[in-house]
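K.L.:
using only what follows, build the 3D model:
(one chain, ligands or ions: 3)
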Amino acid sequence: MTQNQSVLEWMEKMKELVCPDRVIWIDGTQEQLESLRAEACKTGEMIKLNEEKLPGCYLHRTAVNDVARVEGRTFICSRSEEDAGPTNHWMEPSKAYEMLYGIAKNSYRGRTMYVIPYSMGPVGSPFAKIGVELTDSIYVVLNMSIMTRVGSEVLETLGNSSDWVRGLHCKCEIDEEKRYICHFPEDNTIISVNSGYGGNVLLGKKCFALRIASFLGKNEGWMAEHMLILGIQNPLGEIKYVAAAFPSACGKTNLAMLVPPEFYRKKGYKIWTVGDDIAWMRIGPDGRLWAINPENGFFGVAPGTNEKSNPNALATTKSGTIFTNVVHNLDDNTVWWEGLDHNPPKNAVDWKGRPWDGTSSKEKGAHPNSRFTAPAKNCPCISPEFENGRGVPISAIIFGGRRARTTPLVYQSRDWNNGVFVGSIMASETTAAATGAVGVVRRDPMAMLPFCGYHMGDYFKHWIDMGERLGDKAPKIFNVNWFRLDDEGHFIWPGFGDNLRVLEWILKRCEDKADAVDTPIGFVPKAEDINLSGLDLTVDTLKTILNVDSADWTKEADGIEEFYQKFGDKLPKELKTELKKLKEKLA
Ligand code: PEP
Ligand code: NA
Ligand code: MN
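P.N.:
Ligands and ions are numbered 1, 2, ... in the order given. Below you'll find the model as predicted:
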């Protein structure tokens, strides 16, 4: 399929190592994918679902010990330990290769090696980057074919270039003790062994598009961020784009596919989804920041997705989708998960493959991290710019977290560097759903804690540098918190579609069309400037979540100072200055 020497040489070397019975190049044709689907169904790796109700959809179950990303077994193998930084696990590269090759050796015996050439970003886009993933799993091939652009045209675009990311995945025997997800940023290489779960094995996603790409972005002057991208169309038909970063479990996919409240729909507002997880951003010829979503599908959490919380995501999963670890409804050969509706199937199989009766079982039928892999083109609100290789111009960058108090509904940073500070102190409080103490503040700068492929102090500096280059064309930076609680522990802000009310204020600020209150942390809306039409929320209640409490923030500033110590000399002086300024304003 290619004459590219660097691809062929590496493929031969890996072939000698893992010893497959045969090699199949993924050409991206429907015929080839269809025959792989048929093969996966024959071996039981996938189950074909009801063709009438869910055309082209399949169900897969992972091993029970292989259901999520494993941050503890994820390594950045830079030559120097310092380059991985204090927030990553590190392994010395030659030791890592030796260990990984030891595990990978002969692991494809009796199996097929699939060679997947893929493009992150529309093929040929100036943003796009190419990878080749070797895998022994048809499930990986089929997921990669949804999540990325795969096939011969990718290799044609690559030509003879050696600028591509090497990816080796060996499913092995799913031994947790030998599971490793290793990144070699200096070698453009990813090796993943002993897993068959999404984020660990679909190497284009977290491994390439965030960990490797963040490192490439630093060296090449662009940004790879854990951000959704959405377009907000106003009644005049103008569309403005925002990019937003949130830690897990803050509703990123829901915000990306937001349905405007009725009041806004009637006025003519529309939301366009560009991406729900990753943004690659570059300074365009006009000096503004432009973004693409390098992915081609959505790898979303199924539980909680329903007609109310995210009708667009639900609609996206109605064809050509692979479901992983959800409930199999045997009555009509469809799928179900907790939070889909109030009618769990009675005659079903749970995510572990055991008979399950949703009307009597106390155990959950779907794994809480069960997923859908759905083509972006299925999404009813997919942006018309989705395939546009030049990307979309970003007006605002939004950071967010889950905080019961302290952080107001929304505030705007004073300028770019202050905005980088705001991103660097991003945090969420642990909820009762997770193990461990409730209400503990976990810092997750720019939501990149598990995904930054190099020293996070250098990453902050890269942000500062990008701001300098963008100058007055830089997007404005905001922070949101949908999760403030009242004294009884109820959410005060309705969230979901009503978050558009906050986005509207954000865009007004970007155009100098709204006033604000100057507080120690930045600019907060005047309560009357947030549109509450059609909402059961009083201005007085709104004021309680726009409030910036000095005592809370003084405590917060101490927490930030402690957190910043992690980065030692690598903490940019600009961020030290921002912290100092915050403390002075609070005093
Ligand atoms: C994943 O775990 O594969 C993944 C995509 O993670 P997240 O949902 O946290 O982005
Ligand atoms: Na995850
Ligand atoms: Mn993510």
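
K.L.:
what are the phi and psi angles of L289?
P.N.:
Main-chain torsions, L289, degrees, to the nearest 10: phi -90, psi 120.

K.L.:
next one: phi and psi at the residue in the stretch 451-587 of the chain positioned nearest to ligand 1?
P.N.:
Scanning the stretch 451-587 of the chain for proximity to ligand 1 using C-beta to the nearest ligand atom identifies F451 as nearest, at 8.7 Å. In short, each C-beta sits where N, CA and C put it, glycine included. The phi and psi torsions at F451 (degrees, to the nearest 10) take the values phi -120, psi 0.

K.L.:
residues in contact with it?
P.N.:
K206, L210, R211, S214, H226 (C-beta atoms under 8 Å, 6 or more residues apart in numbering).

K.L.:
do K266 as well
P.N.:
Contacts of K266 by C-beta under 8 Å, 6+ apart: none found.

K.L.:
do you know the pLDDT at the spatially most central residue of the chain?
P.N.:
Residue closest to the average C-alpha location in the chain (C-alpha atoms, centre = their mean): D277, at 2.9 Å. Per-residue confidence (pLDDT) for D277: 97.

K.L.:
ok, it to F298 distance?
P.N.:
8 Å (C-beta to C-beta, to the nearest Å).

K.L.:
same question, F215
P.N.:
Relative to F298, F215 is positioned 25 Å away (C-beta to C-beta).

K.L.:
pick out whichever of the two has more residues nearby.
P.N.:
Legend: neighbour count by other C-beta atoms under 10 Å for F215 and F298, higher for F298 (29 against 24).

K.L.:
that one contacts I278, doesn't it?
P.N.:
No - in this structure, F298 is not within contact of I278 by C-beta atoms under 8 Å, at 11.0 Å.

K.L.:
distance-wise, check S428 relative to N481.
P.N.:
For S428, the distance to N481 - C-beta to C-beta - is 10 Å.

K.L.:
so what sits against both of those two?
P.N.:
In contact with both S428 and N481: G401, R402, R403, using C-beta under 8 Å, 6+ apart.

K.L.:
by neighbours, which of those residues wins?
P.N.:
Within those, neighbour counts (other C-beta under 10 Å) peak at G401, which reaches 25 neighbours.

K.L.:
identify the residue spatially nearest to it, adjacent ones excluded.
P.N.:
Sequence neighbours aside, S428 is the residue nearest to G401 in space, at 4.4 Å (criterion: C-beta to C-beta, 6 or more residues apart in numbering).

K.L.:
is that neighbour in contact with D444, as I believe?
P.N.:
Yes - using C-beta under 8 Å, S428 is in contact with D444, at 6.4 Å.

K.L.:
hey, what's in contact with both of the two?
P.N.:
Counting by C-beta under 8 Å, 6+ apart, the contacts common to S428 and D444 are P247, G401.

K.L.:
low-confidence bits of the protein, can you list those?
P.N.:
431-436 (pLDDT under 70).

K.L.:
tally of neighbours for the closest residue to ligand 1 within it?
P.N.:
Nearest to ligand 1, among the residues of the chain, is G199, at 2.3 Å (C-beta to the nearest ligand atom). Counted with other C-beta under 10 Å, the neighbours of G199 add up to 22.

K.L.:
give me the number of residues near the closest residue in space to it that isn't next to it in sequence?
P.N.:
Sequence neighbours aside, R69 is the residue nearest to G199 in space, at 3.8 Å (criterion: C-beta to C-beta, 6+ apart). R69 has 20 neighbours, counted by other C-beta under 10 Å.

K.L.:
R69 against N200, yeah?
P.N.:
Yes - contact status for R69 versus N200: in contact at 5.9 Å, counting by C-beta under 8 Å.

K.L.:
what is in contact with these two at once?
P.N.:
Taking C-beta under 8 Å, 6+ apart as the contact rule, R69 and N200 both touch I181.

K.L.:
off-centre distance for stretch 170-183?
P.N.:
When distances are taken as C-alpha atoms, centre = their mean, to the nearest Å, stretch 170-183 is centred 22 Å away from the chain's centroid.

K.L.:
what parts of the stretch 201-350 of the chain come near ligand 1?
P.N.:
Residues of the stretch 201-350 of the chain lying near ligand 1 by C-beta under 6 Å from any ligand atom: K205, S248, D277, F299.

K.L.:
now do the strands in the stretch 151-300 of the chain.
P.N.:
With strands called from DSSP state E, counting those that start in this stretch, the stretch 151-300 of the chain shows them at 165-170, 180-184, 189-193, 223-225, 227-233, 239-245, 270-275, 279-283, 289-292, 297-301.

K.L.:
next, count neighbours for the residue found closest to P384 once you drop the neighbours it is linked to in the chain.
P.N.:
Distances taken as C-beta to C-beta, 6+ apart put W272 closest to P384, at 7.1 Å, once the chain neighbours are dropped. Number of residues near W272 (other C-beta under 10 Å) recorded here: 21.

K.L.:
now for D277 and F298: what residues contact both?
P.N.:
Residues touching both D277 and F298 by C-beta under 8 Å, 6+ apart: T253.

K.L.:
residue contacts, Y114?
P.N.:
Y114 is in contact with I24, I26, L134, T135, D136, S137, I138, V140, V141, counting by C-beta under 8 Å, 6+ apart.

K.L.:
tell me the first helix or strand C-terminal of whichever strand or helix holds it.
P.N.:
According to DSSP states H and E, Y114 maps onto strand 112-120. Using DSSP H and E, the helix or strand that follows strand 112-120 towards the C-terminus is strand 129-135.

K.L.:
now do that next one: which elements does it pack against?
P.N.:
Applying 3 or more C-beta pairs under 8 Å, 6 or more residues apart in numbering; DSSP states H and E, we find strand 129-135 packed against helix 5-18, strand 112-120, helix 138-147, helix 152-158, strand 165-170.

K.L.:
of those, which is nearest K583?
P.N.:
The closest of the helices and strands packed on strand 129-135 to K583 is strand 112-120. By C-beta to C-beta, the value is 41.1 Å.

K.L.:
hang on, the earlier thing: check which helix or strand the residue nearest to G401 maps to.
P.N.:
S428 belongs to strand 427-429, assigned by DSSP H and E.

K.L.:
quick one: strands adjacent to that strand?
P.N.:
Paired with strand 427-429 in the same sheet, following DSSP bridges, are strand 441-443 (antiparallel).

K.L.:
by contact count, what packs against whichever helix or strand comes after the partner strand?
P.N.:
Scanning forward in sequence from strand 441-443 by DSSP H and E, the next helix or strand is helix 456-470. Counting by 3+ C-beta pairs under 8 Å, 6+ apart, the packing neighbours recorded for helix 456-470 are helix 213-220, strand 223-225, strand 279-283, helix 416-424, helix 573-586.

K.L.:
number of residues surrounding K555?
P.N.:
13.

K.L.:
so it, which state does it fall into?
P.N.:
Classification of K555 by DSSP: H, G, I helix; E, B strand; the rest coil places it in helix.

K.L.:
from N479, how far out is it?
P.N.:
Distance, K555 to N479, using C-beta to C-beta: 17 Å.
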